[in-house]
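# Provide a 3D model corresponding to the input given below.
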Amino acid sequence: MSENIKIHVLHTGKVIVDVSLPFSNVSKNPIAWTGIFRGKDHQVSLPVSVYLVEHPKGLILIDTGWHSDNRSNQKKNLSFQYPINKADLPEGQAIHEQLKQLGYTPEDIDYVLMSHMHCDHADGLRHVKKAKNILLSKPEYKAIKKDKMHYLSHEWKGVKLSTFDFKYTNIGPKGYSFDLFGDGTVQMVWCPGHSKGLCSTIIKKENGNDFVLLASDVGYASKSWEENILPGVLVNKKDAQESLNWVEYIAQDENCVEVIANHDTKTEPHTIIL
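I've put the predicted structure just below:
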């Protein structure tokens, strides 16, 4: 690999949800995000982004998108979360299919880093279970063991999951992050609120100033931090607000090349080179 860092922004289909799930300000109904008693006119179709990072120290995949089971047996695969979350996954857009198009196999991946384990992020884990390392934060790992409402455990059946510890680095809304290579080039930043172990990712070139922030679901689109709109699904509103404030602050940094939310309709697949 070259000394540059190349970030491929990929769309693994779309997720169809009630508009109040990504944007809580559209309804005062606290369960509007479930779509109960709300028609299709309230639904939106949002991209499901994952990121393949070609890094001098290894090949990294951040999140995994939808599993191809959603093409033929979606109700069974998404279980009780259907129809709150519906998947739209065209042929060729599952993560293993896109890896092949880029000249890679799951075995080539050195690290799969999970921002969190909600279904549209973790469903594709089975497609990349042969990656060398699959990592999530300890708070998120504890959450998937206890919380049966927000997670679908079959999505990581047969997948070897490992965890990482956050350390105090004064980075992020809580000041805690995990430095993958110990050189500041890939930082998993603890941004709880939407989930307990949610991470945003800072990617920068070693000894460089420019960086990219992959915000995950701290906000579902750039307008989330620009207009202060929290997601409808939260485990802690205070934490979620702190995390959104931090993303808004970072977005104004002169060295910030891009801030990308996982589900922003304004974000097209593209490649960033640092």
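
# Could I get the full set of strands for the stretch 151-274 of the chain?
Using DSSP state E, counting those that start in this stretch, the strands of the stretch 151-274 of the chain run over 162-164, 167-168, 176-179, 186-190, 199-204, 211-216, 256-261, 270-273.

# Just put the ones you listed in a markdown table and tack on mean neighbour count and distance to residue 103.
In short, each C-beta sits where N, CA and C put it, glycine included. Output for the strands of the stretch 151-274 of the chain, formatted as a markdown table (neighbours: other Cβ atoms under 10 Å; distance: least, Cβ to Cβ, whole Å):
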| stretch | mean neighbour count | distance to residue 103 |
| --- | --- | --- |
| strand 162-164 | 15 | 26 |
| strand 167-168 | 10 | 35 |
| strand 176-179 | 21 | 28 |
| strand 186-190 | 25 | 21 |
| strand 199-204 | 25 | 21 |
| strand 211-216 | 26 | 22 |
| strand 256-261 | 20 | 23 |
| strand 270-273 | 12 | 14 |
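
# So for residue 56, which of the ones you listed sits nearest?
Across the strands of the stretch 151-274 of the chain, residue 56 has its closest neighbour in strand 186-190 (10.9 Å, Cβ to Cβ).

# The closest one: how far from the chain's middle?
In terms of Cα atoms, centre = their mean, to the nearest Å, the centre of strand 186-190 is set 12 Å apart from its chain centre.

# Name every strand pairing with that strand and say which way it goes.
Strand pairing for strand 186-190, using DSSP bridges, gives strand 176-179 (antiparallel), strand 199-204 (antiparallel).

# Mind listing residues that contact that strand?
Applying Cβ atoms under 8 Å, 6 or more residues apart in numbering, the external contacts of strand 186-190 come out as 53, 55, 60, 113, 137, 139, 164, 166, 169, 171-174, 176-180, 197-203.

# run the last query once more with 7 Å
The contact list for strand 186-190 (Cβ atoms under 7 Å, 6 or more residues apart in numbering) reads 55, 60, 113, 137, 164, 166, 171-172, 174, 176-180, 199-203.

# roughly how far apart are residue 252 and residue 258?
Residue 252 sits 13 Å away from residue 258, going by Cβ to Cβ, to the nearest Å.

# I meant to write residue 48 there.
Following Cβ to Cβ, the distance that separates residue 48 from residue 258 is 18 Å.

# Of all the strands paired with strand 186-190, which one is nearest residue 39?
Between residue 39 and those, the shortest separation by Cβ to Cβ is 33.5 Å, and it involves strand 199-204.

# for the record, mean pLDDT for that closest one?
Averaged over strand 199-204, pLDDT sits at 98.

# Now it - C-alpha only, PDB.
The C-alpha trace of strand 199-204 is given here as PDB (Å, rounded to 0.1, in the frame of the first residue of the first chain):
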ATOM      1  CA  CYS A 199     -17.800   5.500  18.100                       C
ATOM      2  CA  SER A 200     -17.100   8.200  15.500                       C
ATOM      3  CA  THR A 201     -13.800   7.700  13.700                       C
ATOM      4  CA  ILE A 202     -11.000  10.300  13.100                       C
ATOM      5  CA  ILE A 203      -8.700   9.400  10.200                       C
ATOM      6  CA  LYS A 204      -5.600  11.500   9.500                       C
END
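
# got the contact list for residue 174?
Neighbours of residue 174 in contact, by Cβ under 7 Å, 6+ apart: residue 190.

# where does residue 3 land on pLDDT?
pLDDT recorded at residue 3 is 87.

# start at 341 instead
Let's use 341 as the start, then, which means that last one is residue 343.

# Please identify which helix or strand holds it.
Assigned by DSSP states H and E, residue 343 belongs to neither a helix nor a strand.

# Give me the neighbour count for it.
Using other Cβ atoms under 10 Å, the number of residues around residue 343 comes to 8.
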